[in-house]
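J.: No letters, just coordinates:
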DNA sequence: CTGAAAGCGCTTACAG
DNA sequence: CTGAAAGCGCTTACAG
């Protein structure tokens, strides 16, 4: 059945025909028990329904399909406990490897434990300090700098930052990138101009009130991602203002949706496809015994200017 | 380790301590080989990144987590081949059951084969003619009738239908529901008022041109789902018209996003949570040996009126 | 080129 | 209450 060259063609065919006839089903558990290879790769991210991760997953799926690996998906919703349960399941099933976007607070010991149990890991989108495994993510500080500088070059001086958290490497890098760009241009950064929060449309929509109430009336908002930006733009529209005219808004990620948002969203392409593709390939390489070095691989983001940004206008 | 009552407490604790100390990992493949229970439930849908399925999946996830079942997810992208490969994988892994939203063209023999191999199946969102398994889906004909009648009661007489396909049970039911509502009100249904297509924002957005070019200038559009409706509204906005004022638009599904769309979308709540919850529970019942009868269970949809619909206005 | 034996790590049933 | 044996369905290595 395994197309071994040690078996005569005629015999092989005879056996295969018979297998088909009786509806034989290959038992992967038994095979895996013997070979200690399962053909399963685990993938765990914050939330697979978030289009940012969804786009990464799609390219991982493409790569793994090609190598006939089954992929086991899970959300961790940034709950360490849920992530650990999933990792346990992978170990129990004898998974061959894992691609993870680590939950907030993942200690490097967790990664070391995974690797120590013979489960090669590759990280995406977020890094874990002290973990010696390959990491693929965008260059967030650089990327958010592109968005901030774009607004500055249009003449904006009061620029708010909406959404995100300090608890992930991504969140810290994006905030620093924004602060650095502002300071490099000699602009003030006020604590009140920052509205942290979840990274969803809902959160962006709900942040609108607070944003519009800021005393110094910022003329632009750098949003943590496209979802927050689209939510904020909807909120701005509801308030009777026009995004891209009255208030400039930038996103981050360049989701497929960014193009059809109204107005079309100026955003930073974050290389989701690239991240997924390279993470999957690197993991497959490791499974095939190729020596791979740990450390971050930063995908360089690009600014995509559309209609949600323009010259400042006082309210 | 399995907390058998046949083992003395002291022994149990001694063994468990030792297991922890040496980092013992339970081998589920071996256990499953012996017991022929794997703790794996497969879930296959058109596209997990589609928020409609995502919302169903979330409630399935909640139910399965509660019963400590691992769930293996897959998209089939309406490719029969991909669906079959996934089912094969489930059989090979000795999965305990499968929840599926069958790909377009799934023959009832495929479902019978699955069941025949000891893999209990439950269908969601779409049914398969001749398959004798439980099906949970919304009452699409009734639901689309709610949307259509709402528009008719506002005074609309030229109502288009955007998106969807005749190739799924859902698609056929929604189209018939629309036609029936129109005819019951003595209104004409023109072939040119129907613009079938994919069920995505992108598709809704791209349908705008064709929609606006229809000669009889419909004053309202019944959309196949919220994604198409949001895409269409974005297209209408770009064309300089205002959805809910110049053109009324209804969605279907009542995604979380419907509330924050601009204008807020009038749509039909389709009971995603309910579908997922009941499908998962029914499957778990079957796994526990409870006798379950096949046949459709229709969740009754509800109309949620918001701001994207109003009285007709001539263009 | 083919066949028979051993063993992967569990669970079950049985003997002590 | 504990221990030893058999067997789930594969793959590997070895003998013919």
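T.: Perfect, thanks for sending it. Just so it is clear, the model here is predicted, and its values are computed rather than measured.

J.: lowest confidence element among the helices and strands of chain A?
T.: Of all helical and strand segments in chain A, the minimum by mean pLDDT, DSSP states H and E falls on helix A:9-22, at a mean of 72.

J.: And for stretch A:202-215, what's in contact with it?
T.: Residues outside stretch A:202-215 that contact it (CB atoms under 8 Å, 6 or more residues apart in numbering or on different chains): A:160, A:162-163, A:192-193, A:195, A:197, A:218, A:221, A:223, A:227-236, A:238-239, A:241, B:256, B:260. Quick note: C-beta positions are derived from backbone N, CA and C, even for glycine.

J.: among those residues, which ones are buried?
T.: A:160, A:162-163, A:193, A:195, A:197, A:218, A:221, A:223, A:227-236, A:241, B:260 (16 or more other CB atoms under 10 Å in any protein chain shown).

J.: What about those, which are in strands?
T.: Within the buried ones among the contacts of stretch A:202-215, residues falling in strands by DSSP state E are A:160, A:162, A:195, A:221, A:223.

J.: quick one: contacts for residue A:150?
T.: Going by CB under 8 Å, 6+ apart, residue A:150 touches A:250, A:266, A:303, A:305, A:309.

J.: DNA strand D: which of the residues you listed is nearest?
T.: Nearest to DNA strand D among those: residue A:303, at 50.6 Å, using CB to the nearest atom of the strand.

J.: so that closest one touches residue A:146, yeah?
T.: Yes. Taking CB atoms under 8 Å as the definition, residue A:303 is a contact partner of residue A:146 at 4.2 Å.

J.: what do these two both touch?
T.: Common neighbours of residue A:303 and residue A:146, counting by CB under 8 Å, 6+ apart, are residue A:268.

J.: Of these two, which one has the most company?
T.: Between residue A:303 and residue A:146, counting by other CB atoms under 10 Å in any protein chain shown, residue A:146 is the more crowded of the two (22 against 16).

J.: what about that one, distance to chain B?
T.: As judged by CB to the nearest CB, to the nearest Å, residue A:146 and chain B stand 25 Å apart.

J.: Am I right that that residue is in a strand?
T.: No. The assignment for residue A:146 by DSSP: H, G, I helix; E, B strand; the rest coil gives helix, which leaves it out of any strand.

J.: Tell me which residues touch it, please.
T.: Going by CB under 8 Å, 6+ apart, residue A:146 touches A:268, A:301, A:302, A:303.

J.: Next step: those residues restricted to helices.
T.: Members of those lying in helices (criterion: DSSP state H): none.

J.: of the ones in strands among the buried ones among the contacts of stretch A:202-215, list those near DNA strand D.
T.: Checking these against DNA strand D by CB under 7 Å from any atom of the strand, not one of them is in range.

J.: any chance of those residues in CSV, plus pLDDT?
T.: Formatted as CSV, those follow (pLDDT from 0 to 100):
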residue, pLDDT
A:160, 98
A:162, 98
A:195, 98
A:221, 98
A:223, 98
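
J.: I'd like to know which of the residues you listed is nearest to DNA strand C.
T.: Using CB to the nearest atom of the strand, residue A:223 is the member of those that lies nearest DNA strand C, at 48.4 Å.

J.: close enough to count as contact, that closest one and residue A:253?
T.: No. Using CB under 8 Å, residue A:223 makes no contact with residue A:253, being 10.0 Å away.

J.: Return the backbone torsion pair for whichever residue of the stretch 101-250 of chain A sits closest to DNA strand D.
T.: Proximity of the stretch 101-250 of chain A to DNA strand D (CB to the nearest atom of the strand) peaks at residue A:118, 16.6 Å away. Backbone geometry at residue A:118, expressed as degrees, to the nearest 10, gives phi 80, psi 20.

J.: Report the two of the contacts of residue A:150 separated the most.
T.: A:303 and A:309 (10.1 Å; CB to CB).

J.: tell me, what's touching those two both at once?
T.: Residues touching both residue A:303 and residue A:309 by CB under 8 Å, 6+ apart: A:150, A:266.

J.: From the opening residue of stretch A:190-208 to its closing one, how far?
T.: With CA to CA, to the nearest Å as the measure, stretch A:190-208 spans 18 Å from end to end.

J.: and that stretch, which residues are buried?
T.: Those would be A:193-208, for stretch A:190-208 by 16+ other CB under 10 Å.

J.: What sits closest to residue A:263 if chain neighbours are left out?
T.: residue A:307 (3.8 Å; CB to CB, 6 or more residues apart in numbering or on different chains).

J.: Residue A:69 now?
T.: Distance criterion CB to CB, 6+ apart; nearest residue to residue A:69, sequence neighbours excluded, is residue A:41 at 4.8 Å.

J.: Test my guess that the one you found contacts residue A:97.
T.: Yes. In this structure residue A:41 lies within contact range of residue A:97 using CB under 8 Å: 5.2 Å.

J.: Kindly report the residues of the stretch 201-315 of chain A close to chain B.
T.: Neighbours of chain B within the stretch 201-315 of chain A, by CB under 8 Å from any CB of the partner chain: A:201-202, A:205, A:231, A:234-235, A:237-238, A:256-257, A:260-262.

J.: Show me where the stretch 51-200 of chain A has its helices.
T.: Taking DSSP state H, counting those that start in this stretch as the test, the helices found in the stretch 51-200 of chain A are A:51-66, A:80-93, A:108-116, A:140-154, A:169-184.

J.: separation between residue A:243 and residue B:232?
T.: Note on residue A:243: its distance to residue B:232, by CB to CB, to the nearest Å, is 20 Å.

J.: Write out the residues of chain A neighbouring DNA strand D.
T.: A:1, A:2, A:24, A:25, A:26, A:27, A:30, A:31, A:33, A:34, A:35.

J.: got a list of what residue A:40 touches?
T.: Counting by CB under 8 Å, 6+ apart, residue A:40 touches A:69, A:70, A:71, A:72, A:90, A:93, A:94, A:95, A:96.

J.: which one among these gets closest to residue B:273?
T.: Closest approach between these and residue B:273, by CB to CB: residue A:72, at 23.9 Å.

J.: give the contact list for the closest one.
T.: Contacts for residue A:72 (CB under 8 Å, 6+ apart) come out as A:40, A:41, A:42, A:43, A:89, A:90, A:93, A:95, B:70, B:72, B:73.
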